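*Asks:* sequence and predicted structure, then a few things I'm wondering about:
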Amino acid sequence: SGEEAAAQIQERAKRLKVAESPVDLATETDLRKILSALKAAKPDFVVIDSIQTMWSDSLEAAPGSVSQVRACSQELTRWAKKSGAALVLVGHVTKEGNIAGPRVVEHMVDAVFYFEGERGHQFRILRAVKNRFGPTDEIGIFEMHQYGLAPAKEPSALFLSADGDGEGGAAVYAAMEGSRPVLAEVQALVAKSAYGTPRRSVVGWDSGRLAMLLAVLEARCGISLSGMDVYLSVAGGYRIGEPAGDLGAAAALLTSLADTPVPERTVFFGEVALSGAVRPVARMEQRLKEAVRLGFTHAYVPEGSPTSVDGLTITPIKRLIDLAHLLAPDAQNA
C-alpha cells in the first residue's frame, strides 16, 4: 500500500471482520524495495495500491508522472510474468472515469476492470473493458454492506423501482449483460416546454438514440414531441448500452405523453429501426425467462421472438406505430 498506513488498513480489516486473514501487508512506495520483498516472499497474489504512488530511483521524475507510472508498471509486470504470481494494479481514475496517467498501462496488462456505480446507490458493477482470457461483456454486480461488498442475489431487483403508483412514464426493459439477463426500468417524463427550445435530458442512455427515437415517433407514428420537454432516466444508475432498449424507452415516452400507465407486470425489448420497424435482438428467450422468474406476466417483443414461454403472454410488435396504438391511442396527430 502506497496510499494508507498499515494502522489504517488494519483498522479497516477489523471493521470488515477480516483482520485474521493470512495477508502480508507492507506500506512502501520505493519500487526497488518492493521488488526485493516480493522476490523473497514469493507470493501467489499481489495487490499494488496504487500504481500512481510507486516510484523508481532510476528516474528523476516525481511519483505519478507519466514516466514513473510507465516504468513501475513495466517492472512489476515483468516480475509477475517471471514469477507466475497474479498481480493487481489499482489505478486512479479521472473525473471522466478513465484510468489516470498514460494509456500505455492498459496495453501492458492482461485485463482492465472498472468499478462502476453511483454513490447514492448500494450496488457496484465490476466491468471488464479488456480481457485477454475471456469475454468483456460479462459484469459482476455487488451490493455494499456493512462488512464490505457481497455478490448481489437478485441483480434485476436492484434496477427496478418499487413504487407501483400506476402513473405513466415507466416501462421495464429486459437487458443482456454478457450471458446474464437483467431487468431495468426506463422512466420518462414528457411535458409542455415553457421556453422556446424544448429540453432533452438523458440519464443512463445515449442522447443520440433518444433523438432518433423521437424522430421516428414523429415521422412514422404521427406523434409530435417537438414542443415538449423530454426527460429520460434509467432507474438505479443502470446504463443501457444496447439497441434492445429502444422499445422500452418508446413505451415510457408514449405512456408519459398519454398519462396512462403501462399494463402491470409487463416487460419490453426490441430495436427500433429508422423505418419504424421493430427488429429482433439477441437472446430473446433468456430475456423472457428472466421476466417470468421475476413475476412478469406480459411481454411486448419483436416479431420472431419465442411465442410460448410458460407463464408469459407475448405480444409481438411489428412496427412502432402498433405499440403507439396499444399504449397511447389518443396521442397521434389528426
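*Replies:* Great, that's in hand.
*Asks:* how far does the lowest-mean-pLDDT helix or strand in the chain sit from the chain's center?
*Replies:* Across the helices and strands of the chain, mean confidence by mean pLDDT, DSSP states H and E is lowest for helix 155-158: a mean of 73. Distance of helix 155-158 from the chain centroid (Cα atoms, centre = their mean, to the nearest Å) equals 12 Å.
*Asks:* given the helix or strand just after that helix, what are its sheet partners and their directions?
*Replies:* Note on helix 155-158: by DSSP states H and E, the next helix or strand toward the C-terminus is strand 170-177. Using DSSP bridges, the strands paired with strand 170-177 are strand 180-192 (antiparallel), strand 266-268 (parallel).
*Asks:* I'd like the average pLDDT over the last one.
*Replies:* Average pLDDT, strand 266-268: 95.
*Asks:* can you check the first one too?
*Replies:* Within the predicted structure, the mean pLDDT of strand 180-192 is 92.
*Asks:* and if you look at stretch 78-93?
*Replies:* So the average pLDDT for stretch 78-93 ends up being 93.
*Asks:* how long is that stretch end to end?
*Replies:* End-to-end distance for stretch 78-93, by Cα to Cα, to the nearest Å: 24 Å.
*Asks:* the closest residue to residue 247 other than its chain neighbours: neighbour count?
*Replies:* Nearest residue to residue 247 in three dimensions, chain neighbours excluded: residue 270, at 3.7 Å (Cβ to Cβ, 6 or more residues apart in numbering). In this view, the C-beta of every residue, glycine as well, is placed from N, C-alpha and C. By the criterion of other Cβ atoms under 10 Å, residue 270 has 30 neighbours.
*Asks:* how about residue 111?
*Replies:* Neighbours of residue 111 (other Cβ under 10 Å): 14.
*Asks:* quick check, it in contact with residue 130.
*Replies:* Yes: Residue 111 lies in contact with residue 130 (Cβ atoms under 8 Å); the separation is 6.0 Å.
*Asks:* quickly note the distance from the closest residue to residue 192 other than its chain neighbours to residue 280.
*Replies:* Residue nearest to residue 192 in three dimensions, not counting chain neighbours: residue 228, with 6.2 Å by Cβ to Cβ, 6+ apart. Relative to residue 280, residue 228 is positioned 30 Å away (Cβ to Cβ, to the nearest Å).
*Asks:* more neighbours, those two?
*Replies:* Counted by other Cβ under 10 Å, residue 228 and residue 280 do not tie: residue 228 has more neighbours, with 18 against 15.
*Asks:* from the chain's centroid, how far away is the longest helix anywhere in the chain?
*Replies:* Longest helix in the chain by number of residues, with DSSP state H as the criterion: helix 66-83. Helix 66-83 sits 30 Å away from the centroid of its parent chain (Cα atoms, centre = their mean).
*Asks:* quick one: list the elements packing against it.
*Replies:* Judged by 3 or more Cβ pairs under 8 Å, 6 or more residues apart in numbering; DSSP states H and E, the packing partners of helix 66-83 are helix 31-41, strand 86-90, helix 104-108.
*Asks:* so what's residue 186 up against?
*Replies:* Taking Cβ atoms under 8 Å, 6 or more residues apart in numbering, we find residue 186 in contact with 170-173, 205, 232-235, 240, 245, 248-249, 251-252.
*Asks:* tell me the buried residues in stretch 70-83?
*Replies:* 70-73, 75-77, 79-80 (16 or more other Cβ atoms under 10 Å).
*Asks:* closest to residue 261 out of those?
*Replies:* residue 73 (53.5 Å; Cβ to Cβ).
*Asks:* I'd like to know which of the contacts of residue 186 are part of helices.
*Replies:* Those of these lying in helices (DSSP H): 248-249, 251-252.
*Asks:* which one (most neighbours) among these?
*Replies:* Busiest of those [other Cβ under 10 Å] is residue 251, holding 31 neighbours.
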